[in-house]
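A.B. asks: Structure for the following, please:
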Amino acid sequence: MGIGWTELLVVFCVVLLFFGAKRIPEVARALGKASREFKKARDSVVDEVRDSVDEPKKETDEEKKAGQQDGKKQPSPEKQLPDYDKKDE
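C.D. replies: Below you'll find the predicted structure:
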């Protein structure tokens with residue numbers, strides 16, 4: 001149940017009467033430019049979000065590699081618990 005040929009013809013006639021034959025190409029160009037600008041802005045926002053999500057992952061990967069290169073195994077934060085068994089003397 002989409003738009004049929006009759007509905008498209010009626011819409012085109014209304015646009016033609018409203019804007020005139022000379023202005024239709026100008027309106028179409030303006031709509032095309034606006035659509036391109038919107039897509040560029042959307043893509044840049046999506047890229048920024050992806051970069052911000054990937055950035056912490058890269059940092060942790062780099063930290064792991066640096067720890068392995070030092071030859072020292074760095075304990076995970078969960079294993080670094082305070083030693084309460086020792087008594088202060």
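
A.B. asks: From now on I want contacts and neighbour counts done on CA atoms only, so please keep to that.
C.D. replies: Noted.

A.B. asks: Rounded mean pLDDT for stretch 44-60, please.
C.D. replies: What stretch 44-60 shows for mean pLDDT is 81.

A.B. asks: Looking at the chain, which helix is longest?
C.D. replies: Longest helix in the chain, counting residues (DSSP state H): helix 24-69.

A.B. asks: worst-scoring helix or strand of this protein, pLDDT-wise?
C.D. replies: helix 24-69 (a mean of 83; mean pLDDT, DSSP states H and E).

A.B. asks: Contacts only, for residue 18.
C.D. replies: The contact partners of residue 18, by CA atoms under 8 Å, 6 or more residues apart in numbering, come to none.

A.B. asks: element containing it?
C.D. replies: Assessed by DSSP states H and E, residue 18 sits inside helix 5-19.

A.B. asks: do the same with residue 22
C.D. replies: Per DSSP H and E, there is no helix or strand for residue 22.

A.B. asks: Read off the pLDDT value for it.
C.D. replies: 86.

A.B. asks: So it versus residue 50, what's the distance?
C.D. replies: Per CA to CA, to the nearest Å, residue 22 is found 44 Å from residue 50.

A.B. asks: what mean pLDDT would you report for the helix holding residue 18?
C.D. replies: 89.

A.B. asks: now that helix and helix 24-69, what's the angle there?
C.D. replies: 100 degrees (axes from the mean of the first three to the mean of the last three CA atoms, to 10 degrees).

A.B. asks: Now helix 5-19: buried residues?
C.D. replies: The neighbour-count check on helix 5-19 (16 or more other CA atoms under 10 Å) flags nothing as buried.

A.B. asks: Output it as CSV - backbone C-alpha positions only.
C.D. replies: C-alpha atoms of helix 5-19 as CSV (Å, rounded to 0.1, in the frame of the first residue of the first chain):
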residue,chain,number,x,y,z
TRP,A,5,1.1,6.9,-9.8
THR,A,6,-2.0,9.0,-9.3
GLU,A,7,-0.9,10.3,-5.9
LEU,A,8,2.6,11.1,-7.3
LEU,A,9,1.0,13.0,-10.2
VAL,A,10,-1.1,15.0,-7.8
VAL,A,11,1.8,15.8,-5.5
PHE,A,12,3.9,16.9,-8.5
CYS,A,13,1.1,19.2,-9.8
VAL,A,14,0.8,20.8,-6.3
VAL,A,15,4.5,21.4,-6.1
LEU,A,16,4.6,22.8,-9.6
LEU,A,17,1.7,25.2,-8.8
PHE,A,18,3.2,26.2,-5.4
PHE,A,19,6.9,26.8,-6.5
